[in-house]
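**Q** how would this look folded up:
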Amino acid sequence: MAQYSAQLDGVFGALADPTRRGVLRRLGRGPTTVGELASEFPMTLPSFMKHVRVLESSGLIQTAKAGRVRTCVLNRERLAVIDHWLAEQRQIWEERTDRLERFVTDLEEHQE
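**A** Here you go, the predicted structure:
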């Protein structure tokens, strides 16, 4: 459970920044080089590389270097951590609303 929580924290932390979300949105269309990605954002390459490192350390992207070119690829499997968490939250809230509905229905039946 602690490992899952740490993974979730890392993924949500990486997603907390609009630049990193923009990188993921772009990589959703396919792999691209760091240079091409960086050209889409108004910052220096060293600043942009900090975002790439955060995304890579969270597991959301993978990078590979061939010569002097570093290519980034979205790791779609890592998004399953978010999907799993959202499914848990959805189930919790559905159970709560079901209990509330039963309570209101029972209350109405007893008042009639």
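**Q** buried residues in the longest helix seen in the chain?
**A** The longest helix of the chain (DSSP state H) is helix 80-111. Buried residues in helix 80-111, counted by 16 or more other Cβ atoms under 10 Å: Val81, Trp85. For every residue, glycine as well, the C-beta is placed using N, CA and C.
**Q** please name the nearest non-neighbouring residue to Val73.
**A** Once flanking residues are discounted, Val73 sits nearest to Pro31: 4.4 Å by Cβ to Cβ, 6 or more residues apart in numbering.
**Q** Val69 is in contact with that neighbour, correct?
**A** No: judged on Cβ atoms under 8 Å, Pro31 makes no contact with Val69 at a distance of 11.4 Å.
**Q** these two: who's more crowded?
**A** Per other Cβ atoms under 10 Å, whichever of Pro31 and Val69 has more neighbours is Pro31, with 14 against 11.
**Q** phi and psi next, for the more buried one.
**A** With angles defined as degrees, to the nearest 10, Pro31 sits at phi -60, psi 150.
**Q** from Gln89, how far out is it?
**A** 31 Å (Cβ to Cβ, to the nearest Å).
**Q** do the same with His110
**A** Counting by Cβ to Cβ, the gap from His110 to Gln89 is 32 Å.
**Q** for the protein, give me the ranges with low pLDDT.
**A** Of all residues in the chain, those with pLDDT under 70 make up the ranges 1, 112.
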